[in-house]
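[1] Generate coordinates for the sequence data below:
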Amino acid sequence: MDLTTKFLGLNLKNPVVPSSSPLSKEIDTLKSLEDAGASAVVLHSLFEEQITYEAQEYDYFTTFGTESYAEALTYFPKQNEYYLGPEEYLEHIRKAKNALSIPVIGSLNGVSSSGWTKYAKLIEEAGADAIELNVYYLATDIDTEGKEIEEIYLRNLKEVKSAVRIPVSMKLSPYFSATANFCKKLDDAGADGLVLFNRFYQPDLDIENLEVVPDLSLSTNWELRLPLRWIAILYGKVNASLAATSGVQNHIDVIKVLMAGGDVAMICSELLRNGVKRITEILDNLKIWLEEHEYESIEMMKGSMSQKSVADPAAFARANYMKILNTYKIR
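    Got it, this is the predicted structure:
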């Protein structure tokens, strides 16, 4: 059974890739991921704040004015809560490359392009096979227009691409008014891959202590529907590799990603819940399903349920929307 796929120009032995998460912080865990069958791994992120801010500057800008609004402090982690500084992160990449035989993808997380170009080059020199850019930005300024947000992504991509020769992917949020058009702009700007989608973690409110409470809820497979939709729309219309992230829990989810047109299915929450050996189980079940349905390779199914052959995907989607609403039965 041929499970091989290509992502970011890299030849992978299968389509299951652990996404950026705490699982990549320890070399022993990375080895366990490879032993379980992972075809590549995305390391946890090096944050822009770790690159550009000295501790004193960071403390000043994140605590300014909090004598009046103490709950604002809870939005920011303390500087010493970051797992690795820039130099330690680069050393971690070197150790990971020495320990693993699968591709290692570095991750940069931030908003501005300050410092990114330099460290993108250093990540390449440390041995990373590719870089994932994670522009985690929530536009809270009421005067900021959508075009300005797009420009942040495009500028970061172009500057990093100009500095490195290894592939560069963009991890996106779903909050764009014209997602397909923006993905085309990124594709035209040289993105080697698009990772759909980043999850914006929603904090809760402690109404007794008047504090913002950081809260991380692991994804469930119903969240996979959003990346599935956009991968199915983009398949065949962009040159960039397509990856789904958020909600991949089993072999059926991996098959859906492939049929929509994805090259890889990135997995995280399922491994945090049930351990890295879940990768082995997913791959074993994937092989069984393919054999039962007489597929000789995953390439045979890739894009088979995309919207590539649909003349007007928007009309198709609206028709299904109307059908769902009109056929729903109250129990």
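
[2] For the chain, which residues score under the pLDDT cut-off?
    48-85, 111-115, 309-311, 315-325 (pLDDT under 70).

[3] Show me where it has its strands.
    Shown for the chain, the strands assigned by DSSP state E span residues 5-7, 10-12, 16-18, 41-42, 46-47, 104-110, 130-135, 168-172, 193-196, 204-206, 211-213, 241-244, 264-267.

[4] distance of the nearest residue to E91 once chain neighbours are set aside from D192?
    Distances taken as CB to CB, 6 or more residues apart in numbering place A126 nearest to E91, at 7.7 Å, with adjacent residues excluded. Bear in mind the C-beta positions are built from the backbone N, C-alpha and C, glycine included. Distance check for A126 against D192: by CB to CB, to the nearest Å, it reads 19 Å.

[5] Same question for L218.
    28 Å.

[6] Of these two, which one has the most company?
    In this view L218 and D192 are compared by other CB atoms under 10 Å, and D192 has more residues nearby, 21 against 13.

[7] residue contacts, the more buried one?
    D192 sits next to L8, G9, A130, P167, V168, S169, A240, S241 when contact means CB atoms under 8 Å, 6 or more residues apart in numbering.

[8] again with K302
    K302 touches T5, L258, M259, G261, G262, D263, counting by CB under 8 Å, 6+ apart.

[9] Mind doing that once more with 10 Å?
    T5, P15, Y235, L242, V257, L258, M259, A260, G261, G262, D263 (CB atoms under 10 Å, 6 or more residues apart in numbering).

[10] ditto for L283
    Residues in contact with L283 (CB under 10 Å, 6+ apart) are M1, L3, K13, N14, P15, V16, A36, G37, A38, S39, H251, V254.

[11] State the distance from it to D2.
    Taking CB to CB, one finds L283 at 13 Å from D2.

[12] any shared contact partners between those two?
    Going by CB under 10 Å, 6+ apart, residues that sit against L283 and also against D2 are K13, N14.

[13] what about the nearest residue to M259 once chain neighbours are set aside, neighbour count?
    Distances taken as CB to CB, 6+ apart place M305 nearest to M259, at 4.1 Å, with adjacent residues excluded. Neighbour count for M305, taken as other CB under 10 Å: 16.

[14] With K147 instead?
    K147 has 9 nearby residues by other CB under 10 Å.

[15] residues contacting it?
    Contacts of K147 (CB under 10 Å, 6+ apart): S177, F182.

[16] which residues sit in contact with the residue nearest to E91?
    Y89, L90, E91, H92, I93, R94, K95, A96, K97, V104, G106, Y119.

[17] Drop anything exposed from those.
    Y89, L90, H92, I93, A96, K97, V104, G106, Y119 (16 or more other CB atoms under 10 Å).
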